[in-house]
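> With the sequence up front, the predicted model follows.
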Amino acid sequence: MPTVTKNTIDNSLEEIKKAFGAKKDKKLIQRAFDIAREAHGEQARESGEPYIVHPLDAALTLTKMEMDAQTIAAALLHDVVDDTDVTLEEIKKEFGEDIAFLVGGVSKLGKLKYRGAQRHAENLRKMLVAMAEDVRVILIKFADRLHNMKTLGALPKRKQKRIALETLEIYAPIAHRLGLGGMARELEDAAFQYIHPEKYEYVKRESGHRIRDAEKYLKRLSPVLKKELAKENIKPKKIEMRAKHYYSLWRKLEKYDYNWSRVHDLNAVRIIVESVEDCYKTLGVVHNLWRPLPGRIKDYIALPKPNGYQSLHTTVFCLDGKITEIQIRTQKMHENSEYGIAAHWRYKDQKEGEDMAKAYGWIKQLQEWKKDSSPTEEFLNNLKLDVFSDRIFVFTPQGDVIDLPKGATPVDFAYNIHTDIGDKCSGAIVGGKMVTLSHELRNGDVVEIITSKNKTPSRAWLNFVKTRNAKNRIRKWLKEQNREQNIDTGQQAINEGLKSLTGKKWKQLSDEAQNKILKRFSIKDEEELFVSIGQGDISVNRVLQTLVDDEQKQKEGKRTPKKKAYQKKEGGIPVVIAGASGLRMHIAKCCNPQKPEDIAAYITIDKGASIHKVSCPNIHRVKTSEKVLPAYWTSGGKSKVATLEIYVANRVGMLQDISRVIADLGINILSISAGGKKQKKNPGGEVIIKSTIEIENLNQLKDLLEKLNKIDGVNEVKRKG
């Protein structure tokens, strides 16, 4: 790590101050720096650097994003309240309410710790609500996190993994959603090397020479482009090469079975021009020069992405027939793609303000989440749909763009327009054709909602709507209109469930058992519990699981620990084939697959299984498909044995889906079987899938349980040993 000197610190401060023309801004930044340096004093970070380097780096990042002086001052001061004797009241007295609010907001976020999928949901809720109050809070926190990731190597490995996982699962998705493309990619790459070090090194190693070749290619390409553009009086501000970042490259490689020849945007040519008119003229020049690939022309200028991203993309057969992606945009569009909402923050004119409101209007919805009392698991699932998932944009008949999560339905669309339209929704026309209300909308659909004054929300809608807003509105209506009915429905449902499990009804449970259930769901009395069950907020299975878990804990407390009967064999090839380990196998010499490349097993008569890359031509030439089986790399290391019971709906492909989820996590399947369990109300029958697996640690088991519960048709997962 480079030595940090007084000159280094002074130079960074001067670089920040130079970005501001007004004397009052320079004075504000200097004063904030002086107070922060004095407060932190001789403090040092784990890396050995003087502590002041950290807030200074965060402030420098925000300066490059052209944030206002108040944000820069708050960035310089963001750790003084937590790590020094300076109080928030003193900050408020010295710098005013605006800066004190920002420092206080960042301080609150700093206290949030990542503790796994279910337990971090409340932290996410607070983070997003803080962003809704003033987005600058989250921008400072991003800058803070970015510098922390740069120095993560100085921390113990346990902390490295936790912080990197938090960065990848929370910070980077929010950054993408806010249009902060540059920062999101930096955060992803920084986290990638700590979470998947082998995959990171593989991508870095294999992409190196390809990127260098692409840079040489650009030197040949640029003069040709400039010459042809000059004929149309187009003077590009810049022609540059954009190399794909390691994390996004790895995700694309996984999608294409690590076939590098299918990744056409490893390096993209980016052309920056003066105006929107020049963008389209440049696209014409490019297509006159080189033949475009059908279906690979994307106009994000006329149809921006939900986060405001604009650009023209085309993929062409370029010099020497090389397939090349070309991106065309204005300087303003480029700034927006890198800095997103931070770039919009700077725009003062009305038009830009309207654009910002349109692109980031979803942030206002976060204010409603303060009042949300949904169970943690449900909150997290909805959050991933509403904020972190892939988005689609569809149109009203008037041409207004509506931003929805992938998989959204006409009912989601209707509630997004207005609550009354959602409540009265009786039908939908998509692309001129009548569709069902559960129809999955796609990008570019024009949606018209048919309403009826006699129509009311249906409980069945809760089975297919995707957005949090739609679910909340439907439940609210059902709760207000059908309270008495919900009480009866809920009471009947829980009594039936309890009778089948314990032989008792609700009233026959002990006060202790009833109170445990009410406390588990943060409900004040039994009537509210019945209402919640009746309207679908809480499933009877979750209530019954509370009783089962409590009984299981009591039994485990009385048990004598037993030694594990299974001990993993050492050595050999770390591969499982179709869920089985210990088979005779060898690595195929024709393609020599290496971890983490996707692999398959070819079953031979005399030499056992031959392990090939999925993309290997020899695998594709095999006509007898029964001889080719799925195979997966295992993680290795010490292992423990766990037995799971998975209660699922009886559908085709369920066993395969469960096996794939287990194997994708590198978990070895020792055994797996399925058996039926009759249910009067379920003609298809519920099935119990039992599986004995090897796990490395409890965190790996938690990840598995979370992913299994997300599989369509999985009702419940229990650990039996």
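Received, thanks. Remember, predicted model here, so these are calculated numbers, not experimental data.
> helices or strands up against the host helix or strand of Glu14?
Taking DSSP states H and E as the criterion, Glu14 maps to helix 6-18. Packed against helix 6-18 by the contact rule (3 or more CB pairs under 8 Å, 6 or more residues apart in numbering; DSSP states H and E) you find helix 23-40, helix 53-64. Yep, even glycine has a C-beta here, placed from its N, CA and C like the rest.
> Can you list the buried residues in that helix?
9, 12-13, 16-17 (16 or more other CB atoms under 10 Å).
> which one of those is nearest Lys720?
Lowest distance from Lys720 to those (CB to CB) belongs to Ser12, with 57.5 Å.
> The helix holding Glu14: how far from the chain's middle?
Centre-to-centre, helix 6-18 and its host chain are 36 Å apart (CA atoms, centre = their mean, to the nearest Å).
> Let me see the contact set for Asp423.
Shown in contact with Asp423 (CB atoms under 8 Å, 6 or more residues apart in numbering): 455-457, 473, 477.
> Save the buried residues of helix 6-18 as JSON lines, and put in distance to His586 and pLDDT too.
Below are the buried residues of helix 6-18 laid out as JSON lines (distance: CB to CB, whole Å; pLDDT from 0 to 100):
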{"residue": "Ile9", "distance to His586": "58", "pLDDT": "85"}
{"residue": "Ser12", "distance to His586": "56", "pLDDT": "87"}
{"residue": "Leu13", "distance to His586": "61", "pLDDT": "89"}
{"residue": "Ile16", "distance to His586": "59", "pLDDT": "90"}
{"residue": "Lys17", "distance to His586": "64", "pLDDT": "89"}
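> Between helix 53-64 and the helix holding Glu14, find me the angle.
30 degrees (axes from the mean of the first three to the mean of the last three CA atoms, to 10 degrees).
> angle of helix 6-18 against helix 23-40?
Going by the same axes, to 10 degrees, helix 6-18 makes 150 degrees with helix 23-40.
> residues in contact with helix 6-18?
Under CB under 8 Å, 6+ apart, the answer for helix 6-18 is 26, 29-30, 33, 50, 52-53, 56-57, 59-60, 63, 72.
> out of the buried residues of helix 6-18, who's nearest Thr489?
Ile16 (61.8 Å).
> from memory Gln486 sits against Leu529, does it?
No, residue 486 isn't Gln; it's Asn. No: under the criterion of CB atoms under 8 Å, Asn486 makes no contact with Leu529, lying 10.7 Å away.
> show me where pLDDT drops low in the stretch 401-550 of the chain?
Residue ranges of the stretch 401-550 of the chain with pLDDT under 70: 401, 482, 500-501, 535-537, 541, 545, 548-550.
> quick one, strands of it?
Assigned by DSSP state E, counting those that start in this stretch, the strands in the stretch 401-550 of the chain fall at 401-405, 425-430, 433-435, 447-451.
> Take those strands and write them to TSV, including distance to Ile658.
Shown next, in TSV, are the strands of the stretch 401-550 of the chain (distance: least, CB to CB, whole Å):
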stretch	distance to Ile658
strand 401-405	25
strand 425-430	34
strand 433-435	32
strand 447-451	35
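> would JSON lines of the ones you listed with mean neighbour count and distance to Asn650 be doable?
Formatted as JSON lines, these follow (neighbours: other CB atoms under 10 Å; distance: least, CB to CB, whole Å):
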{"stretch": "strand 401-405", "mean neighbour count": "19", "distance to Asn650": "29"}
{"stretch": "strand 425-430", "mean neighbour count": "18", "distance to Asn650": "31"}
{"stretch": "strand 433-435", "mean neighbour count": "12", "distance to Asn650": "28"}
{"stretch": "strand 447-451", "mean neighbour count": "18", "distance to Asn650": "34"}
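> So Ala69 sits against Lys27, correct?
No: Ala69 is beyond contact range of Lys27, at 9.3 Å (criterion: CB under 8 Å).
> Who has more neighbours out of those two?
Ala69 (21 against 13; other CB atoms under 10 Å).
> can I get the CA coordinates of stretch 271-289 in CSV?
Only the C-alpha atoms of stretch 271-289 are listed here, as CSV (Å, rounded to 0.1, in the frame of the first residue of the first chain):
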residue,chain,number,x,y,z
ILE,A,271,-18.6,7.1,-29.2
ILE,A,272,-19.4,10.4,-27.4
VAL,A,273,-21.0,13.1,-29.6
GLU,A,274,-22.4,16.6,-29.2
SER,A,275,-26.2,16.1,-29.6
VAL,A,276,-29.0,13.6,-29.8
GLU,A,277,-29.2,14.3,-33.6
ASP,A,278,-25.6,13.3,-33.9
CYS,A,279,-26.2,10.1,-32.0
TYR,A,280,-28.7,8.9,-34.7
LYS,A,281,-26.5,10.2,-37.6
THR,A,282,-23.6,8.3,-36.1
LEU,A,283,-25.6,5.1,-35.9
GLY,A,284,-26.4,5.5,-39.6
VAL,A,285,-22.7,6.0,-40.4
VAL,A,286,-21.8,2.8,-38.4
HIS,A,287,-24.4,0.7,-40.2
ASN,A,288,-23.3,2.0,-43.6
LEU,A,289,-19.8,0.9,-42.8
